[in-house]
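>>> quick one: sequence and predicted model below, then my questions.
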Amino acid sequence: MTSYPIPPNHADHILVASPSTVVRQRVLESLRSPRRRFAQATGGAEALVHLESGFWQVLFLDRRLPDLDAEELSQTVRQRFPGIDVVLLDPESDAEPTAAEEKGDVLLEMWPVVSNSHEDKSADSVLPAARAAQSILEAPLPGMIGNSRIMQPVYRLARLLAPRNTTVLIAGPTGCGKEIVARAIHQLSPRAARAFAVVNCAAIPETLLEAELFGYARGAFTGAMQSYAGRIQTAQGGTLFLDEIGEMPLSLQPKLLRFLEQKELQRLGSAEIVRVDARVISATNAHLLTLVREGKFREDLYYRLCAFPIEIPPLRDRSEDIAQLAGHFLGKLTSPLPAPQLSAPALRLLKTQPWPGNIRELQNVIERALILSEDQVIRPEHLLLADSSFYSS
């Protein structure tokens, strides 16, 4: 059995990241001890989530990660978490595990332990740096308001994903800010200087959506007087945001799947193959797996889009953010004049609402209250809420 040397002061908290169950189990079996805490990750992004949410001392990192470059990830880990030793693992063969390997008869070559220093590192010296990095990662994204604890994982995941080309699926109810999160990922990425192309799959008729996405050549159909590149090609070097992806017609889904897999497309009426380098972020307020079971959405497309999911909670679960959001909308609506005050009873009322329309609904309520208030104070009677007599009459 392969032995993995662990520095004596770094023996208690170990994270193993590899897409191979065989590799992960081999490392764990070699290092198993009652006093050691282990965690496993199947990819680089998942490993980063573990690193951000706890104190780890050694990271065993498979060179063949499915989503991130292992060398780049090891550099990132050393910069953000200087107290963590990184061990790069290199499986002997690129072949699929054999029956013998499934039983554990697989050998791993040990790569040197990578660390910033060989000095003794105690938890007291490491934790402040890790906490500082976590604080930065959990700050609100560009364009987003609110510091509630429930939103911090969203901010953190978006920042971890931003430098990568990983396909992202943002799920959440209508009006919760899915497009803002997608724009933030784009703005924080190396693609920020290029286009952010938006396609609302629910707003474009089925007969026009294919032409809008993939473009068309001149004469491809009646009325096609000139060629059109299409939204996907417009996103060259940047990001393509597919909003309400659950509304995409089933007939068009295979063509989108081919683009995701090959990064190639064909415009309508043209035999030319066009290569496009565009990151794809999609969003949905529907439960896509339910649509898959109902035969309304392709399973292979779902798993291709959902390489990394982010779920945005509804506003009713973010009561901590309501005061800050309301203040933001008041300032935005009254600028450059001073914003009116939101009374304590009005704020308490806002925090008790179910908000089926989420942040978009809150903004509308604040705007109506601003119109109805005759002085510089907004009171409960100024809040026309969804359950008020105004709506139910």
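Received it, and whenever you're ready, just let me know what you need.
>>> contacts only, for residue 310.
154, 157, 158, 161, 168, 169, 170, 171, 181 (CB atoms under 8 Å, 6 or more residues apart in numbering). All C-beta spots, glycine's among them, are computed from the backbone N, C-alpha and C.
>>> for it, which three-state class applies?
Secondary structure, DSSP: H, G, I helix; E, B strand; the rest coil: residue 310 is strand.
>>> outline the domain layout of the protein.
Domain segmentation of the chain under automatic domain parsing yields 8-113+122-126, 139-311, 315-392.
>>> for the last one, give the mean pLDDT please.
Going back to what we said before, that points to domain 315-392. Mean per-residue pLDDT for domain 315-392: 88.
>>> make residue 1 into 501 and carry on from there
From this message on, residue numbering opens at 501, which makes the last subject domain 815-892.
>>> show me how far that domain is from its chain's centre.
Here domain 815-892 is found 29 Å from its chain centre; the criterion is CA atoms, centre = their mean, to the nearest Å.
>>> repeat for the second one
For domain 639-811, the distance from its own C-alpha centre to the chain's C-alpha centre is 13 Å (CA atoms, centre = their mean).
>>> circling back: lowest average pLDDT across the domains of the chain?
Mean pLDDT, when computed for each of the domains of the chain, is lowest for domain 508-613+622-626, at a mean of 70.
>>> residue 516 touches residue 542, doesn't it?
No: contact criterion CB atoms under 8 Å: residue 516 and residue 542 do not qualify, at 10.0 Å.
>>> among the contacts of residue 810, which two are most distant?
Taking CB to CB as the measure, the contacts of residue 810 span a maximum distance of 14.4 Å, between 661 and 671.
>>> and these two? which has more neighbours close in?
Taking other CB atoms under 10 Å, residue 661 and residue 671 do not tie; residue 661 has more neighbours (24 against 20).
>>> dump the residue contacts of that one.
545, 668, 685, 808, 810.
>>> same check, this time on residue 519
Taking CB under 8 Å, 6+ apart, we find residue 519 in contact with 542, 543, 562, 564, 565, 566.
>>> redo that, cut-off 10 Å
By CB atoms under 10 Å, 6 or more residues apart in numbering, residue 519 lies in contact with 541, 542, 543, 544, 562, 564, 565, 566, 567.
>>> now do the strands in this structure.
513-517, 537-541, 558-562, 585-591, 608-614, 668-671, 696-700, 739-743, 764-766, 773-775, 779-784, 808-811, 841-842, 877-878 (DSSP state E).
>>> can you count the residues close to the nearest residue to residue 760 once chain neighbours are set aside?
Leaving aside its chain neighbours, residue 760 sits nearest to residue 804 (5.0 Å; criterion: CB to CB, 6 or more residues apart in numbering). Residue 804: 17 surrounding residues under other CB under 10 Å.
>>> hmm, residue 804 is touching residue 762, no?
No: proximity of residue 804 to residue 762 does not meet the contact threshold set by CB atoms under 10 Å, at 11.4 Å.
>>> re the thing from before, what subset of the contacts of residue 519 is buried?
Buried members of these, counted by 16 or more other CB atoms under 10 Å: 541, 542, 543, 544, 562, 565, 567.
>>> who does the fifth one bridge with?
Read that as residue 562. Using DSSP bridges, the beta-bridge partners of residue 562 come out as residue 589.
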